[in-house]
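In: Just a sequence and a predicted model for now, questions to come.
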Amino acid sequence: PPSLARMATLSTIALAAAAAAALAAKDGGMPQPFDRVLRAGMSGNDVVIVQGMITRSPYVNVTGFVEGEYCNATVAAVTHFQNGNKIQADGVFGPDTAETLLKLHTDDAYVHGYGVNDTLSDGYVYLVRIDVHKDRNIEVNASLLIGTPLKEAMKFRVRLHGKSFAPNQFSNDGDTPTGLAAIDLNSPEPDARDYGPYPINRVVQGLEGNFKILSPNIRNGILIHTGEWPGWNPSENMPNSNGCIHGHPEDIRTLWKTLVSIGVKVRNNTFGKLPYRYTPQGLLSVQGIP
């Protein structure tokens, strides 16, 4: 007869399979970040994501969206997208439509708007610029640009990989989004183990690309920070985050010191409370590369 340990293992597998089946039944097989089939009359952040992504399709030329509402314009946009991609055209955002949209249009085609020798507008005084690979296991160098015109003040190693269970930028705890966002320097988080002992840069408002769709109402709390990660040493890759940008401790310390040296203020940490009560002082530009 099977051992108790084997029976326990089989029971655990059966429970996991049942849970997965229940989830699939609940969401109709929808891929993350979607957990339900969407149709006319529904509303929510998932509708905002659909509306933001679907206009990237060459088959969709629709205006008049009511943000977050699966309105007539949204039905028309989904129908055009389905027709163009040879999916059953019923205006309902189901599994096949969701899979196709994510496959074709997760890439926002965002391109950096500022570089060395450019001048920042709208009162921003610093720019963190990052080119990130599609494979987020590859760590990359970020650049801090300051001054008028912009000059590179430092380069530092960063990791923009979300949790392994979150497959894309639109998922909770997924990869750091691409695009342009306003950021601000905040006082340290209280948890030094996970966030480090130094001031952090907080994403405040998405301006372009996927950041514009997601921040701050769908994905809030994206930070540039470090950590006192147990067992980690600087010769290793940094751990994955919940969608934040991880940097080495000394680099995040230098980033903070450099920003303060040019007059950037360390705001009292807002801990993600909305609306953000300060005027953001910097920009974060994240461009996807192969």
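Out: In hand now; what should we look at?
In: Which parts of this protein are strands?
Out: 126-133, 140-146, 151-159, 179-186, 200-208, 223-225, 245-247, 282-289 (DSSP state E).
In: From the centroid of this protein, which residue is nearest?
Out: Geometric centre of the chain, nearest residue: P177, 3.1 Å, by Cα atoms, centre = their mean.
In: State the distance from that residue to V116.
Out: 24 Å (Cβ to Cβ, to the nearest Å). (C-beta placed from N, C-alpha, C; glycine too.)
In: One more: W232?
Out: The value you get for W232 to V116, if Cβ to Cβ is used, is 32 Å.
In: Now do the phi/psi pair for the nearest residue to N45 once chain neighbours are set aside.
Out: Spatially, and ignoring its direct neighbours in sequence, N45 is nearest to I218 (4.8 Å; Cβ to Cβ, 6 or more residues apart in numbering). Backbone torsions of I218, given as degrees, to the nearest 10, read phi -100, psi -50.
In: again, but for D122
Out: Here D122 shows phi and psi, under degrees, to the nearest 10, equal to phi 60, psi 30.
In: you'd agree T148 is up against T119?
Out: Yes: taking Cβ atoms under 8 Å as the definition, T148 is a contact partner of T119 at 5.5 Å.
In: For the chain, which residues score under the pLDDT cut-off?
Out: Residue ranges of the chain with pLDDT under 70: 1-28.
In: Which residue ranges of it form helices?
Out: Taking DSSP state H as the criterion, the chain carries its helices at 4-27, 45-54, 72-84, 95-105, 192-195, 209-214, 249-261.
In: number of nearby residues for G162?
Out: Using other Cβ atoms under 10 Å, G162 has 23 other residues around it.
In: again, but for the one 10 residues further on
Out: Applying other Cβ under 10 Å, we find 14 other residues in the vicinity of N172.
In: how near is S121 to D108?
Out: In terms of Cβ to Cβ, S121 sits 21 Å off from D108.
In: circling back to that earlier point, mean neighbour count, the helices of the chain: which tops it?
Out: helix 209-214 (a mean of 24; mean count of other Cβ atoms under 10 Å).
In: Give me the contact list for that one.
Out: 48-49, 52-53, 106, 108-110, 169-170, 177-181, 203, 206, 284, 286 (Cβ atoms under 8 Å, 6 or more residues apart in numbering).
In: And for stretch 153-160?
Out: By Cβ under 8 Å, 6+ apart, the list of residues contacting stretch 153-160 from outside reads 130, 132, 136, 139-147, 175-176, 224, 237-241, 245-248, 251-252, 254-255, 258, 286.
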